[in-house]
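[1] This is a predicted model, with the sequence first.
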Amino acid sequence: MFFARTLSKALENVSKTFPVVLITGPRQVGKTTLFEKSKENNRTYISLDDPQLRALAKNDPNLFLQTYKTPLLIDEIQYAPELFPYIKMAVDREKKKGMFWLTGSQQFHLMKNISESLAGRVAILELQGLSQAEKRRMPQVAPFLPKFNTTKKFRRMDVTQVYEVILRGSYPALFATPSTDKNIFYASYLKTYIERDIRTLVNISDEHTFLKFMRVTAARTGQMINYSDMARDVDVSHNTIKAWLSILETSGLIYLLQPFHNNVASRAIKTPKLYFLDTGLCCYLSGWDNAATLSNGAMSGAMLETYVISEILKSYWHNGLQASTYYYRDKDKKEIDLLIDRNGELYPIEVKRTASPKEGDIKNFDVLNNLKVNVGTGGIVCLYPNPTPLTQNINIIPVGYI
């Protein structure tokens, strides 16, 4: 079962503008499928998961590109960075648009090699798991802002339905075949991820310790990072935690939401918050296996916040845009869950596990008035069933509306 993706429109546009298009993102989010559903009949598909093709690409990249003609789709390009200089030469020689489509699941090495070899020649798009809109067969959605669109269709979800969605996650395989056991899927996913991705990024002698680290990280989704506490719980060094968090970020599994600060916000905290980008994987790692238990458990608020943040990020990334997002917290412990910087305005958003939002829930929005910034419409994303104004400038946004 194929789900149309929001990113397909951006892919179509950049392919007409750039000679090289790269889609990054975690394993199994549908990067190759997106390309395959969009590709022309004459585009050759090559996967560097194939050991023989990988060896040819690494050992004789010139022969590889002579053998496989453009337009060319190369899957898992990170396995053969030796190709990048030769792709550059081919692009500069032929000067055609859409010559190479590339996928990769390790952003750090890809970005490093691309910045050295293909600067100005490549469009970089980011794909995550299925968004709410994509699951509902409504992929053409605008980047999220806490405003109302009277023509927008959305699904009303009660608290049980919301946490069922959170628990299952967003990997396409779980929706293409709904009978797939999610626990088996996530167990296999982690095994593949550690064996095939982690080992190429860092020398990990003890897989069990890294898996423990992932579980400790999942239990802290929605929290400010405390490296020392994590190091103590995993029993590794402070620097190891930093390095391993960088790997999860590189792999597209977590997002580090940076704090907002400017010259006026001198009292702002400067520690990033950590969010898993797939709540199903996060739930599996932290041991939640039942929507009702999760909904009433200690992590219910953090999981809801994680889900909302990840969906908002997808609404930008899947439209081919970077998301200028922050959170605010100061030394007086006044916090705003999310700030979206769009066209010179900051849009404040609070995420609440409540069906009865009140003006008191957005009292911290007032701190923005002292920061010399332009403030746009604000919102509370919560379990209320319908989009409704709370005040003149603050809207109540149902989770299903994102």
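    Nice, I can see it. Numbering: from 1, shown residues only.

[2] A strand includes residue 360, no?
    No: Residue 360 is assigned helix when assessed by DSSP: H, G, I helix; E, B strand; the rest coil, not a strand.

[3] contact partners of the helix or strand containing residue 160?
    For residue 160, the element it lies in under DSSP states H and E is helix 159-168. Applying CB atoms under 8 Å, 6 or more residues apart in numbering, the external contacts of helix 159-168 come out as 132, 157, 174, 182, 279-280, 283, 288-292, 294-295, 300, 303-304, 306-307, 355, 383, 399-400. Every C-beta, even on glycine, is put in place using the N, C-alpha and C of the backbone.

[4] likewise stretch 373-382?
    Against stretch 373-382 from outside (CB under 8 Å, 6+ apart): 145-147, 262, 308, 342, 344-355, 357, 361-362, 365, 368-369, 390, 393-399, 402.

[5] and the chain, what are its domains?
    7-126, 132-401 (automatic domain parsing).

[6] need the contact list for residue 67.
    Contacts of residue 67 (CB under 8 Å, 6+ apart): residue 56.

[7] Just the pLDDT for it.
    Looking at residue 67, its pLDDT is 96.

[8] Residue 11 too?
    So, for residue 11, pLDDT stands at 94.

[9] What is the neighbour count of it?
    22 (other CB atoms under 10 Å).

[10] now swap in residue 372 and tell me
    Counted with other CB under 10 Å, residue 372 comes out at 10.

[11] Might you report the residue contacts of residue 148?
    So residue 148 contacts 387, 395 (CB under 8 Å, 6+ apart).

[12] Residue 298 is in contact with residue 219, correct?
    No: judged on CB atoms under 8 Å, residue 219 makes no contact with residue 298 at a distance of 9.6 Å.

[13] ok, back up a step: write the ChimeraX selection for whichever of the contacts of stretch 373-382 are buried.
    Remark: buried members of those, expressed as a ChimeraX selection using 16 or more other CB atoms under 10 Å:
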select :145,146,308,342,346,347,348,349,350,351,352,353,357,361,362,365,368,390,394,395,396,397,398,399,402
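
[14] Please tell me how far residue 280 sits from residue 256.
    20 Å (CB to CB, to the nearest Å).

[15] ok, now residue 43?
    35 Å.

[16] out of those two, which sits in the busier spot?
    Neighbours per residue, other CB under 10 Å: of residue 43 and residue 256, the larger number sits with residue 43, 18 against 14.

[17] Which residue, other than its chain neighbours, is closest to that one?
    Once flanking residues are discounted, residue 43 sits nearest to residue 71: 4.4 Å by CB to CB, 6 or more residues apart in numbering.

[18] Filter the contacts of stretch 373-382 down to the ones in helices?
    residue 308 (DSSP state H).

[19] so of the contacts of stretch 373-382, which ones are in strands?
    Secondary structure defined by DSSP state E assigns 342, 345-351, 394-398 of the contacts of stretch 373-382 to strands.

[20] and the residues you listed as a markdown table, adding pLDDT and distance to residue 196?
    Formatted as a markdown table, the ones in strands among the contacts of stretch 373-382 follow (pLDDT from 0 to 100; distance: CB to CB, whole Å):
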| residue | pLDDT | distance to residue 196 |
| --- | --- | --- |
| 342 | 93 | 37 |
| 345 | 94 | 43 |
| 346 | 95 | 40 |
| 347 | 97 | 39 |
| 348 | 97 | 40 |
| 349 | 98 | 36 |
| 350 | 98 | 39 |
| 351 | 98 | 34 |
| 394 | 96 | 46 |
| 395 | 96 | 44 |
| 396 | 96 | 44 |
| 397 | 95 | 39 |
| 398 | 95 | 39 |
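
[21] now, which of the residues you listed sits nearest residue 190?
    residue 351 (27.1 Å; CB to CB).

[22] who are the neighbours in contact with that closest one?
    304, 305, 308, 309, 337, 338, 380, 381, 382.

[23] Strands of the chain, start to end?
    20-24, 44-47, 72-75, 100-104, 122-126, 223-224, 254-257, 273-276, 325-329, 335-342, 345-351, 378-382, 388-389, 394-398.

[24] Mind checking these for the one nearest to residue 38?
    Nearest to residue 38, of these and by CB to CB, is strand 100-104 at 8.5 Å.

[25] quick one: least confident helix or strand in the chain?
    Across the helices and strands of the chain, mean pLDDT, DSSP states H and E gives its lowest value to helix 107-117, namely a mean of 64.

[26] In contact with residue 34, which residues?
    Per CB under 8 Å, 6+ apart, neighbours of residue 34: 5, 7, 8, 11, 23, 127.
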